[in-house]
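> Please find the sequence and the predicted model below.
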Amino acid sequence: MHPVVVIGAGPQGLAAAAHLLERGIEPLVFEAGSGPAFAVSEWAHVRLFSPWPELIDAASQRLLARSGWKAPTEGYPTGAQWISEYLAPLAAALGDRVHYGARVVGISRKGRDRSVDAGRADQPFTVHLEHADGTGERLEAGSVIDASGTWGTPSPAGADGLSSRGERQAAARGMLSYQIPTMERVRALAGRHVVVVGNGASAKTAITQLARVVKQEPSTRVSWVLRRGVVGNTFGGGAADELPERGALGELAQQAVTAGQVTLVTGFRTESVLVDDARATLVAEDGRTLDPADQVVVLTGFRPDLSFLSEVRLGLDLRLEAPAKVAEEVDPNLHSCGSVRATGAADLAHPEAGLFIVGAKSYGRAPTFLALTGFEQVRSVAAELAGDHEAARRVDLVLPDTGVCGGAGVFDAPENTSTADSCCAPSPAVLTNACSN
(Lines give C-alpha, C1' and ligand atoms only; values in the text may rest on other atoms or scores of the structure.)
Protein backbone atom coordinates (compact mmCIF):
# COMPACT_ATOMS: atom_id res chain seq x y z
CA MET A 1 0.00 0.00 0.00
CA HIS A 2 1.24 3.48 -0.88
CA PRO A 3 1.18 6.03 1.97
CA VAL A 4 -0.24 8.94 -0.04
CA VAL A 5 -1.46 9.26 -3.62
CA VAL A 6 -1.53 12.77 -5.08
CA ILE A 7 -3.79 13.41 -8.07
CA GLY A 8 -2.37 16.01 -10.45
CA ALA A 9 1.20 17.20 -11.13
CA GLY A 10 0.32 20.88 -11.28
CA PRO A 11 1.62 23.61 -8.94
CA GLN A 12 -0.25 22.32 -5.87
CA GLY A 13 0.17 18.61 -6.58
CA LEU A 14 3.94 18.94 -6.96
CA ALA A 15 4.11 21.16 -3.87
CA ALA A 16 2.14 18.56 -1.90
CA ALA A 17 4.66 15.91 -2.93
CA ALA A 18 7.56 18.14 -1.82
CA HIS A 19 5.98 18.76 1.59
CA LEU A 20 5.22 15.08 2.10
CA LEU A 21 8.74 14.08 1.12
CA GLU A 22 10.19 16.66 3.51
CA ARG A 23 8.21 14.99 6.31
CA GLY A 24 9.44 11.53 5.42
CA ILE A 25 6.31 10.39 3.60
CA GLU A 26 6.75 8.90 0.13
CA PRO A 27 4.21 10.42 -2.30
CA LEU A 28 3.02 8.91 -5.55
CA VAL A 29 1.79 11.51 -8.04
CA PHE A 30 -0.44 10.72 -11.03
CA GLU A 31 -0.86 13.23 -13.86
CA ALA A 32 -3.32 12.68 -16.70
CA GLY A 33 -1.32 14.90 -19.06
CA SER A 34 1.90 14.11 -20.83
CA GLY A 35 4.11 16.34 -18.70
CA PRO A 36 4.28 18.42 -15.51
CA ALA A 37 1.66 21.14 -15.06
CA PHE A 38 -0.08 20.04 -18.24
CA ALA A 39 -3.07 22.31 -17.60
CA VAL A 40 -0.76 25.32 -17.20
CA SER A 41 0.82 24.45 -20.56
CA GLU A 42 -2.58 25.01 -22.18
CA TRP A 43 -2.53 28.66 -21.11
CA ALA A 44 1.23 29.04 -21.47
CA HIS A 45 0.88 32.38 -23.28
CA VAL A 46 -0.93 34.08 -20.39
CA ARG A 47 1.05 36.22 -17.92
CA LEU A 48 0.22 35.70 -14.26
CA PHE A 49 -0.64 38.67 -12.05
CA SER A 50 1.19 37.16 -9.07
CA PRO A 51 4.95 37.90 -8.89
CA TRP A 52 7.55 35.15 -8.80
CA PRO A 53 7.95 34.99 -4.99
CA GLU A 54 4.23 34.21 -4.64
CA LEU A 55 4.38 31.41 -7.23
CA ILE A 56 7.02 29.25 -5.54
CA ASP A 57 6.23 26.89 -2.67
CA ALA A 58 8.66 26.91 0.28
CA ALA A 59 9.22 23.13 0.57
CA SER A 60 9.60 22.88 -3.19
CA GLN A 61 12.22 25.61 -3.13
CA ARG A 62 14.16 23.78 -0.42
CA LEU A 63 14.06 20.56 -2.45
CA LEU A 64 15.27 22.32 -5.60
CA ALA A 65 18.00 24.22 -3.77
CA ARG A 66 19.83 20.94 -3.14
CA SER A 67 20.73 20.82 -6.82
CA GLY A 68 21.83 24.47 -6.96
CA TRP A 69 18.55 25.80 -8.38
CA LYS A 70 18.04 29.51 -7.85
CA ALA A 71 14.54 30.87 -7.47
CA PRO A 72 13.48 33.69 -9.80
CA THR A 73 12.79 36.75 -7.70
CA GLU A 74 11.52 39.48 -10.02
CA GLY A 75 8.79 39.87 -12.59
CA TYR A 76 5.55 38.20 -13.53
CA PRO A 77 6.03 34.98 -15.51
CA THR A 78 3.86 33.57 -18.24
CA GLY A 79 2.49 30.09 -17.79
CA ALA A 80 5.30 28.79 -20.02
CA GLN A 81 7.95 30.45 -17.85
CA TRP A 82 6.33 29.14 -14.68
CA ILE A 83 6.73 25.63 -16.06
CA SER A 84 10.21 25.91 -17.56
CA GLU A 85 11.81 27.82 -14.70
CA TYR A 86 10.13 26.16 -11.72
CA LEU A 87 7.50 23.45 -12.20
CA ALA A 88 9.41 21.25 -14.65
CA PRO A 89 12.60 21.34 -12.52
CA LEU A 90 10.47 20.51 -9.46
CA ALA A 91 8.89 17.52 -11.20
CA ALA A 92 12.36 16.37 -12.27
CA ALA A 93 13.58 16.64 -8.66
CA LEU A 94 10.70 14.42 -7.54
CA GLY A 95 11.83 11.85 -10.12
CA ASP A 96 9.93 8.62 -10.60
CA ARG A 97 7.44 9.56 -7.90
CA VAL A 98 5.58 11.43 -10.67
CA HIS A 99 3.78 9.40 -13.36
CA TYR A 100 2.41 10.95 -16.56
CA GLY A 101 -0.37 9.75 -18.84
CA ALA A 102 -2.07 8.25 -15.79
CA ARG A 103 -5.64 9.42 -15.30
CA VAL A 104 -7.41 8.69 -12.03
CA VAL A 105 -10.91 7.53 -12.94
CA GLY A 106 -12.15 6.43 -9.52
CA ILE A 107 -11.49 6.54 -5.77
CA SER A 108 -13.17 4.25 -3.26
CA ARG A 109 -12.56 2.22 -0.09
CA LYS A 110 -11.36 -1.34 -0.48
CA GLY A 111 -14.35 -3.65 -0.49
CA ARG A 112 -16.73 -0.81 0.42
CA ASP A 113 -18.91 1.25 -1.85
CA ARG A 114 -20.21 4.62 -0.71
CA SER A 115 -23.19 3.17 1.14
CA VAL A 116 -21.29 0.78 3.45
CA ASP A 117 -20.42 1.90 7.01
CA ALA A 118 -19.05 -1.31 8.53
CA GLY A 119 -15.27 -1.27 8.82
CA ARG A 120 -14.98 1.57 6.37
CA ALA A 121 -12.36 3.65 8.19
CA ASP A 122 -10.09 0.60 8.53
CA GLN A 123 -9.87 -0.01 4.80
CA PRO A 124 -7.35 1.63 2.47
CA PHE A 125 -8.40 3.73 -0.47
CA THR A 126 -8.47 2.07 -3.87
CA VAL A 127 -7.24 4.30 -6.69
CA HIS A 128 -8.36 3.30 -10.18
CA LEU A 129 -6.19 4.45 -13.08
CA GLU A 130 -6.33 4.51 -16.86
CA HIS A 131 -2.96 4.80 -18.58
CA ALA A 132 -2.27 6.49 -21.89
CA ASP A 133 -1.85 3.10 -23.58
CA GLY A 134 -5.39 2.14 -22.61
CA THR A 135 -4.48 -0.24 -19.80
CA GLY A 136 -6.03 0.02 -16.35
CA GLU A 137 -4.62 -0.38 -12.87
CA ARG A 138 -5.88 -0.44 -9.30
CA LEU A 139 -3.67 0.32 -6.32
CA GLU A 140 -4.15 0.98 -2.62
CA ALA A 141 -3.33 4.12 -0.66
CA GLY A 142 -3.50 5.23 2.95
CA SER A 143 -4.54 8.78 2.01
CA VAL A 144 -5.45 10.71 -1.14
CA ILE A 145 -4.79 14.35 -2.00
CA ASP A 146 -6.85 15.51 -4.96
CA ALA A 147 -5.00 18.41 -6.63
CA SER A 148 -6.50 17.79 -10.07
CA GLY A 149 -7.74 21.36 -10.49
CA THR A 150 -10.69 22.52 -12.58
CA TRP A 151 -9.10 23.39 -15.94
CA GLY A 152 -10.71 20.49 -17.79
CA THR A 153 -14.26 21.46 -16.83
CA PRO A 154 -15.00 25.03 -17.93
CA SER A 155 -18.42 26.49 -17.20
CA PRO A 156 -20.67 26.96 -20.24
CA ALA A 157 -22.12 30.10 -21.79
CA GLY A 158 -25.63 29.10 -20.80
CA ALA A 159 -26.88 31.36 -18.01
CA ASP A 160 -28.56 28.50 -16.15
CA GLY A 161 -25.28 26.63 -15.74
CA LEU A 162 -25.93 24.22 -18.61
CA SER A 163 -24.75 24.43 -22.19
CA SER A 164 -27.09 26.67 -24.15
CA ARG A 165 -28.86 25.34 -27.23
CA GLY A 166 -26.38 25.20 -30.09
CA GLU A 167 -23.36 25.85 -27.85
CA ARG A 168 -21.77 22.44 -28.33
CA GLN A 169 -22.30 22.67 -32.09
CA ALA A 170 -20.60 26.08 -32.18
CA ALA A 171 -17.70 24.73 -30.11
CA ALA A 172 -17.30 21.68 -32.35
CA ARG A 173 -17.05 23.96 -35.39
CA GLY A 174 -14.44 26.21 -33.78
CA MET A 175 -16.73 29.24 -33.54
CA LEU A 176 -16.82 29.08 -29.74
CA SER A 177 -13.94 28.37 -27.35
CA TYR A 178 -13.36 28.26 -23.60
CA GLN A 179 -9.75 29.47 -23.41
CA ILE A 180 -8.03 32.84 -23.50
CA PRO A 181 -6.92 33.10 -27.13
CA THR A 182 -3.24 33.28 -27.97
CA MET A 183 -1.97 36.58 -29.38
CA GLU A 184 -1.55 34.83 -32.73
CA ARG A 185 -5.22 33.91 -32.66
CA VAL A 186 -6.19 37.40 -31.44
CA ARG A 187 -4.34 39.04 -34.32
CA ALA A 188 -6.11 36.71 -36.76
CA LEU A 189 -9.42 38.15 -35.52
CA ALA A 190 -8.56 41.67 -36.73
CA GLY A 191 -11.45 43.18 -38.66
CA ARG A 192 -13.94 40.67 -37.25
CA HIS A 193 -16.59 40.62 -34.54
CA VAL A 194 -15.56 38.86 -31.32
CA VAL A 195 -17.86 38.23 -28.35
CA VAL A 196 -16.36 37.61 -24.90
CA VAL A 197 -18.67 36.13 -22.26
CA GLY A 198 -17.50 36.33 -18.65
CA ASN A 199 -16.65 38.56 -15.74
CA GLY A 200 -13.38 37.38 -14.18
CA ALA A 201 -9.66 37.80 -14.70
CA SER A 202 -9.62 35.55 -17.76
CA ALA A 203 -12.31 37.63 -19.45
CA LYS A 204 -10.46 40.86 -18.61
CA THR A 205 -7.26 39.39 -20.06
CA ALA A 206 -9.00 38.56 -23.32
CA ILE A 207 -10.62 42.00 -23.44
CA THR A 208 -7.29 43.81 -23.03
CA GLN A 209 -5.72 41.65 -25.75
CA LEU A 210 -8.56 42.37 -28.15
CA ALA A 211 -8.53 46.09 -27.35
CA ARG A 212 -4.96 46.25 -28.65
CA VAL A 213 -6.13 44.73 -31.93
CA VAL A 214 -8.93 47.30 -32.17
CA LYS A 215 -6.34 50.08 -31.86
CA GLN A 216 -4.41 48.62 -34.79
CA GLU A 217 -7.46 47.67 -36.86
CA PRO A 218 -10.46 49.87 -35.93
CA SER A 219 -12.88 47.76 -37.99
CA THR A 220 -12.51 45.04 -35.33
CA ARG A 221 -15.57 44.81 -33.08
CA VAL A 222 -15.51 43.44 -29.54
CA SER A 223 -18.64 42.79 -27.45
CA TRP A 224 -18.17 41.99 -23.76
CA VAL A 225 -21.17 40.14 -22.33
CA LEU A 226 -22.02 40.21 -18.61
CA ARG A 227 -24.87 38.24 -17.11
CA ARG A 228 -25.39 40.67 -14.27
CA GLY A 229 -27.54 43.72 -14.82
CA VAL A 230 -24.99 46.19 -13.44
CA VAL A 231 -21.23 46.52 -13.84
CA GLY A 232 -20.62 46.27 -10.08
CA ASN A 233 -17.07 45.11 -9.33
CA THR A 234 -16.40 43.83 -12.86
CA PHE A 235 -13.26 45.97 -13.17
CA GLY A 236 -11.83 44.77 -9.85
CA GLY A 237 -10.29 46.73 -7.01
CA GLY A 238 -7.93 48.93 -9.01
CA ALA A 239 -5.29 50.65 -6.87
CA ALA A 240 -6.81 49.08 -3.72
CA ASP A 241 -5.87 45.58 -4.91
CA GLU A 242 -2.83 44.30 -3.01
CA LEU A 243 -1.81 42.38 -6.14
CA PRO A 244 -0.98 45.42 -8.33
CA GLU A 245 -1.03 43.54 -11.63
CA ARG A 246 -4.48 42.15 -10.89
CA GLY A 247 -5.72 45.65 -10.17
CA ALA A 248 -4.02 47.00 -13.30
CA LEU A 249 -5.68 44.32 -15.43
CA GLY A 250 -9.11 45.54 -14.38
CA GLU A 251 -8.16 49.15 -15.02
CA LEU A 252 -6.98 48.30 -18.55
CA ALA A 253 -10.27 46.53 -19.25
CA GLN A 254 -12.20 49.53 -17.97
CA GLN A 255 -10.14 51.86 -20.16
CA ALA A 256 -10.96 49.71 -23.20
CA VAL A 257 -14.67 50.11 -22.48
CA THR A 258 -14.43 53.83 -21.73
CA ALA A 259 -12.47 54.44 -24.94
CA GLY A 260 -15.12 52.70 -27.01
CA GLN A 261 -12.82 49.88 -28.08
CA VAL A 262 -15.15 47.39 -26.41
CA THR A 263 -18.95 47.44 -26.16
CA LEU A 264 -20.17 46.30 -22.76
CA VAL A 265 -23.45 44.36 -22.80
CA THR A 266 -25.07 43.87 -19.39
CA GLY A 267 -27.93 41.69 -18.17
CA PHE A 268 -27.44 39.30 -21.10
CA ARG A 269 -28.08 35.70 -20.08
CA THR A 270 -27.40 33.40 -22.98
CA GLU A 271 -30.21 30.99 -23.84
CA SER A 272 -29.04 29.75 -27.24
CA VAL A 273 -26.33 30.01 -29.88
CA LEU A 274 -27.51 30.12 -33.48
CA VAL A 275 -24.96 28.71 -35.92
CA ASP A 276 -24.79 29.32 -39.65
CA ASP A 277 -22.05 28.55 -42.17
CA ALA A 278 -19.51 30.95 -40.71
CA ARG A 279 -20.82 32.73 -37.62
CA ALA A 280 -22.43 32.21 -34.23
CA THR A 281 -25.20 34.41 -32.85
CA LEU A 282 -25.95 34.65 -29.12
CA VAL A 283 -29.58 34.94 -28.06
CA ALA A 284 -30.52 35.98 -24.54
CA GLU A 285 -33.30 34.60 -22.35
CA ASP A 286 -35.17 37.90 -22.78
CA GLY A 287 -35.03 37.61 -26.58
CA ARG A 288 -32.22 40.08 -27.27
CA THR A 289 -29.81 39.03 -30.00
CA LEU A 290 -26.21 40.07 -30.56
CA ASP A 291 -24.82 40.66 -34.01
CA PRO A 292 -23.34 37.45 -35.50
CA ALA A 293 -19.84 36.79 -34.19
CA ASP A 294 -16.85 35.34 -36.00
CA GLN A 295 -15.61 34.05 -32.64
CA VAL A 296 -17.24 33.62 -29.22
CA VAL A 297 -14.87 33.31 -26.26
CA VAL A 298 -16.60 31.88 -23.19
CA LEU A 299 -14.68 32.63 -19.99
CA THR A 300 -17.29 32.05 -17.32
CA GLY A 301 -15.10 30.19 -14.84
CA PHE A 302 -14.60 26.54 -14.04
CA ARG A 303 -16.19 23.86 -11.92
CA PRO A 304 -14.78 20.76 -10.19
CA ASP A 305 -14.92 17.32 -11.77
CA LEU A 306 -16.41 15.16 -9.03
CA SER A 307 -17.17 12.17 -11.24
CA PHE A 308 -14.25 10.04 -10.05
CA LEU A 309 -15.12 10.78 -6.40
CA SER A 310 -18.62 9.32 -6.61
CA GLU A 311 -17.83 6.40 -4.25
CA VAL A 312 -16.31 8.44 -1.42
CA ARG A 313 -18.12 10.62 1.08
CA LEU A 314 -17.64 14.34 0.55
CA GLY A 315 -18.69 17.29 2.68
CA LEU A 316 -19.40 19.86 -0.03
CA ASP A 317 -21.30 23.12 -0.08
CA LEU A 318 -24.45 22.86 -2.17
CA ARG A 319 -23.77 26.06 -4.12
CA LEU A 320 -20.05 25.99 -4.83
CA GLU A 321 -19.21 22.27 -4.64
CA ALA A 322 -16.30 23.24 -2.38
CA PRO A 323 -15.59 21.83 1.10
CA ALA A 324 -18.19 23.42 3.35
CA LYS A 325 -15.73 25.35 5.55
CA VAL A 326 -13.87 26.69 2.53
CA ALA A 327 -17.13 27.76 0.91
CA GLU A 328 -17.91 29.94 3.92
CA GLU A 329 -14.82 31.98 3.07
CA VAL A 330 -15.04 32.20 -0.72
CA ASP A 331 -18.75 32.11 -1.60
CA PRO A 332 -19.22 35.13 -3.92
CA ASN A 333 -22.86 35.33 -2.83
CA LEU A 334 -21.77 36.11 0.73
CA HIS A 335 -18.17 37.29 0.85
CA SER A 336 -17.85 41.05 1.11
CA CYS A 337 -14.66 42.92 1.89
CA GLY A 338 -10.98 42.25 2.35
CA SER A 339 -9.10 39.08 1.60
CA VAL A 340 -10.40 35.61 2.28
CA ARG A 341 -8.92 33.57 5.12
CA ALA A 342 -6.22 31.05 4.30
CA THR A 343 -7.46 27.47 4.67
CA GLY A 344 -5.77 24.35 6.00
CA ALA A 345 -6.31 20.66 6.69
CA ALA A 346 -9.21 21.17 9.11
CA ASP A 347 -11.12 23.17 6.49
CA LEU A 348 -10.32 20.72 3.70
CA ALA A 349 -11.26 17.51 5.54
CA HIS A 350 -14.24 15.40 4.43
CA PRO A 351 -16.35 12.73 6.15
CA GLU A 352 -14.06 10.30 4.28
CA ALA A 353 -11.05 10.44 6.62
CA GLY A 354 -7.72 10.74 4.82
CA LEU A 355 -9.13 12.40 1.70
CA PHE A 356 -8.31 16.05 0.97
CA ILE A 357 -9.24 18.23 -2.02
CA VAL A 358 -6.69 21.03 -2.44
CA GLY A 359 -5.83 23.73 -4.95
CA ALA A 360 -8.31 25.39 -7.30
CA LYS A 361 -10.66 22.43 -6.95
CA SER A 362 -11.01 23.17 -3.23
CA TYR A 363 -12.71 26.46 -4.16
CA GLY A 364 -15.29 24.63 -6.26
CA ARG A 365 -16.94 27.16 -8.56
CA ALA A 366 -15.52 30.22 -6.79
CA PRO A 367 -13.12 32.24 -8.98
CA THR A 368 -10.73 33.75 -6.43
CA PHE A 369 -8.05 31.08 -6.00
CA LEU A 370 -4.35 32.04 -5.75
CA ALA A 371 -1.27 29.80 -5.90
CA LEU A 372 -0.34 31.05 -2.41
CA THR A 373 -3.57 29.57 -1.10
CA GLY A 374 -2.73 26.14 -2.45
CA PHE A 375 0.80 26.16 -1.08
CA GLU A 376 -0.52 26.87 2.41
CA GLN A 377 -3.17 24.18 2.01
CA VAL A 378 -0.70 21.44 1.09
CA ARG A 379 1.72 22.49 3.85
CA SER A 380 -1.08 22.04 6.37
CA VAL A 381 -2.34 18.77 4.88
CA ALA A 382 1.15 17.25 4.80
CA ALA A 383 1.61 18.22 8.46
CA GLU A 384 -1.70 16.60 9.34
CA LEU A 385 -0.83 13.38 7.54
CA ALA A 386 2.53 13.32 9.31
CA GLY A 387 0.79 13.61 12.69
CA ASP A 388 1.99 17.16 13.37
CA HIS A 389 -1.45 18.48 14.26
CA GLU A 390 -0.13 21.70 15.77
CA ALA A 391 1.58 22.66 12.50
CA ALA A 392 -1.53 21.64 10.59
CA ARG A 393 -3.67 24.01 12.65
CA ARG A 394 -1.24 26.90 12.30
CA VAL A 395 -1.94 29.47 9.59
CA ASP A 396 1.27 30.71 7.98
CA LEU A 397 -0.32 32.96 5.38
CA VAL A 398 -2.35 36.15 5.08
CA LEU A 399 -3.83 36.45 1.61
CA PRO A 400 -3.65 39.73 -0.32
CA ASP A 401 -6.72 41.94 -0.33
CA THR A 402 -8.58 42.18 -3.64
CA GLY A 403 -9.78 45.70 -2.97
CA VAL A 404 -13.26 44.56 -4.05
CA CYS A 405 -16.38 44.62 -1.89
CA GLY A 406 -19.83 43.17 -2.25
CA GLY A 407 -19.05 39.60 -3.35
CA ALA A 408 -20.73 38.83 -6.64
CA GLY A 409 -22.35 42.23 -6.72
CA VAL A 410 -25.96 42.97 -7.56
CA PHE A 411 -27.16 40.42 -10.11
CA ASP A 412 -29.89 42.67 -11.44
CA ALA A 413 -29.93 46.46 -11.54
CA PRO A 414 -31.59 47.66 -8.31
CA GLU A 415 -34.09 50.50 -8.13
CA ASN A 416 -31.97 52.17 -5.46
CA THR A 417 -28.26 52.23 -6.29
CA SER A 418 -27.19 53.42 -2.85
CA THR A 419 -23.77 52.23 -1.72
CA ALA A 420 -24.89 51.85 1.89
CA ASP A 421 -23.94 48.17 1.91
CA SER A 422 -20.48 48.76 0.45
CA CYS A 423 -17.38 49.14 2.57
CA CYS A 424 -15.15 50.30 -0.21
CA ALA A 425 -15.28 52.82 -3.06
CA PRO A 426 -18.47 52.92 -5.17
CA SER A 427 -18.60 50.62 -8.17
CA PRO A 428 -18.08 52.13 -11.64
CA ALA A 429 -21.22 53.37 -13.34
CA VAL A 430 -22.84 51.29 -16.08
CA LEU A 431 -21.16 52.43 -19.27
CA THR A 432 -23.57 50.91 -21.74
CA ASN A 433 -26.38 48.42 -21.84
CA ALA A 434 -26.64 48.39 -25.61
CA CYS A 435 -26.78 45.43 -27.91
CA SER A 436 -28.04 44.91 -31.42
CA ASN A 437 -31.39 43.36 -32.22
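It's in. For clarity, every value in this text was computed on a predicted model and none was experimentally measured.
> Show me the strands in the stretch 101-250 of the chain, by range?
Along the stretch 101-250 of the chain, the stretches classed as strands by DSSP state E, counting those that start in this stretch are 102-109, 125-131, 136-146, 176-177, 193-197, 221-225.
> So for Q377, which of those sits nearest?
strand 136-146 (9.4 Å; CB to CB). Every residue, glycine included, has its C-beta placed from N, CA and C.
> For the closest one, which strands pair with it and how are they oriented?
strand 2-7 (parallel), strand 125-131 (antiparallel), strand 355-357 (parallel) (DSSP bridges).
> Using JSON lines, please lay out the ones you listed together with distance to R112.
Shown next, in JSON lines, are the strands paired with strand 136-146 (distance: least, CB to CB, whole Å):
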{"stretch": "strand 2-7", "distance to R112": "17"}
{"stretch": "strand 125-131", "distance to R112": "9"}
{"stretch": "strand 355-357", "distance to R112": "13"}
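> Reformat these as JSON lines; add distance to P304, mean neighbour count and mean pLDDT.
Putting the strands paired with strand 136-146 into JSON lines (distance: least, CB to CB, whole Å; neighbours: other CB atoms under 10 Å; pLDDT from 0 to 100) gives the following:
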{"stretch": "strand 2-7", "distance to P304": "12", "mean neighbour count": "23", "mean pLDDT": "98"}
{"stretch": "strand 125-131", "distance to P304": "18", "mean neighbour count": "19", "mean pLDDT": "98"}
{"stretch": "strand 355-357", "distance to P304": "8", "mean neighbour count": "26", "mean pLDDT": "98"}
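> Quick check: which of the ones you listed is nearest to T263?
Per CB to CB, nearest to T263 of the strands paired with strand 136-146: strand 355-357, 39.2 Å.
> Helix or strand next in line after that closest one, which one?
Sequence-wise, the next helix or strand downstream of strand 355-357 (DSSP states H and E) is helix 371-385.
> how many degrees apart are that next one and strand 2-7 in direction?
160 degrees (axes from the mean of the first three to the mean of the last three CA atoms, to 10 degrees).
> Would you map out the domains in this structure?
When the chain is parsed with automatic domain parsing, its domains come out as 2-152+302-393, 167-298.
> ok, A18 - contacts?
57, 59-60, 62-63, 90, 94 (CB atoms under 8 Å, 6 or more residues apart in numbering).
> Just give me the closest of the residues you listed to P156.
D57 (32.6 Å).
> give me the number of residues near the closest one?
Using other CB atoms under 10 Å, D57 has 25 other residues around it.
> roughly how far apart are the residue lying closest to it once chain neighbours are set aside and G250?
Once flanking residues are discounted, D57 sits nearest to A15: 3.8 Å by CB to CB, 6 or more residues apart in numbering. Plainly put, A15 is 28 Å away from G250 if you go by CB to CB, to the nearest Å.
> ditto for V29
Distance from V29 to G250, by CB to CB: 35 Å.
> ok, now L63?
36 Å.
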